[in-house]
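Trainee: Quick one, fold the following:
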Amino acid sequence: MKPLHAASGAVLLGTAMLFTAVPASATSGPSITKEAFGKLSDGTRVDRYTLRNTHGMHVRILTYGGIIQMLDVPDRKGHDANVALGFATLKDYVDKNGGPYFGALIGRYANRVAKGRFTLDGKTYQLPINNGPNSLHGGIKGFNTKVWKATVTKGKDTVALHLAYVSKNGEEGYPGTLTTNVTYTLGASDRLRLDYRATTDKPTIVNLTNHSYFNLAGEGTGDAYGHRLQVNASRYTPTDATQIPTGRLAPVKGTPFDFTRPHTIGERIRDNDPQLLIGHGYDHNFVLNQRRPGELTLAATVTEPRTGRVLRLSTTQPGVQLYTANFLDGSLVGTSGHAYRQGDALALETQHFPDSPNHPAFPSTVLRPGQTFTSTTTYAFSTTG
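Mentor: A predicted model of the protein is given here:
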């Protein structure tokens, strides 16, 4: 791959400058473009990159939070639609995305840490409390609020956006300076690949994910309860009333959490099950049936019957959090101008387990100097006949 130079072309778009990172003559290959998306209150510029493959699939990603703002894929008739929930403006992301985390990169620690406390090498650390009594998704100003440094590369059949962020020692209470790199790669096979990499100068904990919400019928079209879901997991992690894992790896068999065969999202979501009542729906970590730890494994398959769109999610992570947008209440308006309500999408957050630092039996999330955290997640889109 060779690096692209943002100054390879420029066109004035009102008050924004659009930089074409791929020459206009390269219309037969993949492309990546950059445009200004706005500025933060301190004057920091935020850019939006559009990655497009030869089939017309394209994804728009912001340097603010590494957010997947829009993701357009065709249905069985070849009609494109944006299948990712998000906002139309930077202001909405800054003002309103602290709750839903639409499309954002999550860190340093995805999901919950009980009471915001963990002990590492005999020292106890306190994190910000922002979700009941617990710390959620990296704290008050997690990675979803940061402006990431972007570079781009292009291969014969792929384009890639590389994002980098350095989290200083003590940020949001976490020890060590953590250097994080996330690469979004789009290829000809309608697969979006996310590669995560992180290093530290002091022992710390790391759990990184992307928090995209998907509605394969199209963003803003209504609820996703008719989506059929299959999850490659025979166990899940039940939680207490504050949504912290109890430590038990419970079998899904005989429960509404059994997606080892396809079920619609809405089929059992209103069952009188204590775990569903706690989460107001599905908001639970599934323990994936991996052949070998760290190997890229099919985690979940989502099918939308009406449009025929299919999403196959694969990951090297040991778990995936299924979240069915239980707390969307109609107060947020998305990119299509429609209000988002409960159940309008599902998120599949590939991850280590919630609260792992406080559960020694869970896969470890400790990262030490000289080690490198790596993980890969892919979103492969197709259609049924």
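
Trainee: How about the contacts made by Asp240?
Mentor: Residues counted as contacts of Asp240 (Cβ atoms under 8 Å, 6 or more residues apart in numbering) are 246, 278. Quick note: C-beta positions are derived from backbone N, CA and C, even for glycine.

Trainee: Could you confirm Asp95 falls within a strand?
Mentor: No: counting by DSSP: H, G, I helix; E, B strand; the rest coil, Asp95 is located in no strand; its state is helix.

Trainee: right, and Ala325 touches Gly343 too?
Mentor: Yes: with contacts counted by Cβ atoms under 8 Å, Ala325 reaches Gly343, the gap being 5.8 Å.

Trainee: neighbour count winner among those two?
Mentor: Ala325 (25 against 21; other Cβ atoms under 10 Å).

Trainee: Grab the nearest non-local neighbour of that one.
Mentor: The shortest distance from Ala325 to any residue other than its chain neighbours is 4.8 Å, reached at Ala345 (Cβ to Cβ, 6 or more residues apart in numbering).

Trainee: can you pull the pLDDT of that neighbour?
Mentor: For Ala345, the model assigns a pLDDT of 98.

Trainee: Kindly export stretch 355-374 (C-alpha atoms) in PDB.
Mentor: In PDB, the C-alpha atoms belonging to stretch 355-374 read as follows (Å, rounded to 0.1, in the frame of the first residue of the first chain):
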ATOM      1  CA  ASP A 355     -16.000  -5.700  34.600                       C
ATOM      2  CA  SER A 356     -13.200  -8.200  33.700                       C
ATOM      3  CA  PRO A 357     -10.600  -6.500  36.000                       C
ATOM      4  CA  ASN A 358     -12.800  -7.500  38.900                       C
ATOM      5  CA  HIS A 359     -13.300 -11.100  37.800                       C
ATOM      6  CA  PRO A 360     -10.000 -13.100  37.700                       C
ATOM      7  CA  ALA A 361     -11.700 -16.000  35.900                       C
ATOM      8  CA  PHE A 362     -12.700 -13.800  32.900                       C
ATOM      9  CA  PRO A 363     -10.200 -13.400  30.100                       C
ATOM     10  CA  SER A 364      -7.700 -10.700  31.200                       C
ATOM     11  CA  THR A 365      -7.800  -7.100  30.000                       C
ATOM     12  CA  VAL A 366      -4.400  -6.200  31.500                       C
ATOM     13  CA  LEU A 367      -1.900  -4.700  29.200                       C
ATOM     14  CA  ARG A 368       1.700  -4.200  30.200                       C
ATOM     15  CA  PRO A 369       4.700  -2.400  28.800                       C
ATOM     16  CA  GLY A 370       6.300  -4.400  26.000                       C
ATOM     17  CA  GLN A 371       3.000  -6.000  25.100                       C
ATOM     18  CA  THR A 372       0.700  -5.000  22.300                       C
ATOM     19  CA  PHE A 373      -3.100  -5.300  22.400                       C
ATOM     20  CA  THR A 374      -4.500  -6.300  19.000                       C
END
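
Trainee: Tell me, what's the model's pLDDT at the residue nearest to Arg291 when sequence neighbours are not counted?
Mentor: Computed as Cβ to Cβ, 6+ apart, the closest residue to Arg291 that is not its neighbour in sequence is Thr297, at 6.4 Å. For Thr297, the pLDDT comes out at 96.

Trainee: what's the answer for the one 5 residues further on, then?
Mentor: The predicted structure scores Val302 at 98 on the pLDDT scale.

Trainee: where do the strands sit along the stretch 201-350 of the chain?
Mentor: In the stretch 201-350 of the chain, the strands defined using DSSP state E, counting those that start in this stretch lie at 204-205, 209-210, 213-214, 228-231, 235-237, 250-251, 263-264, 283-287, 297-303, 309-315, 319-323, 329-333, 339-341, 346-351.

Trainee: and among these, the most buried is which?
Mentor: Most buried of the strands of the stretch 201-350 of the chain, by mean neighbour count (mean count of other Cβ atoms under 10 Å): strand 209-210, with a mean of 28.

Trainee: so what does it touch, helix or strand wise?
Mentor: Judged by 3 or more Cβ pairs under 8 Å, 6 or more residues apart in numbering; DSSP states H and E, strand 209-210 is in contact with strand 105-106, strand 346-351.

Trainee: Paired strands for the first one, with orientation please.
Mentor: Taking DSSP bridges as the criterion, strand 105-106 pairs within the sheet with strand 209-210 (antiparallel).

Trainee: any idea how far the partner strand is from the chain center?
Mentor: 3 Å (Cα atoms, centre = their mean, to the nearest Å).

Trainee: what is the rounded mean pLDDT of that strand?
Mentor: Strand 209-210 comes out with an average pLDDT of 98.
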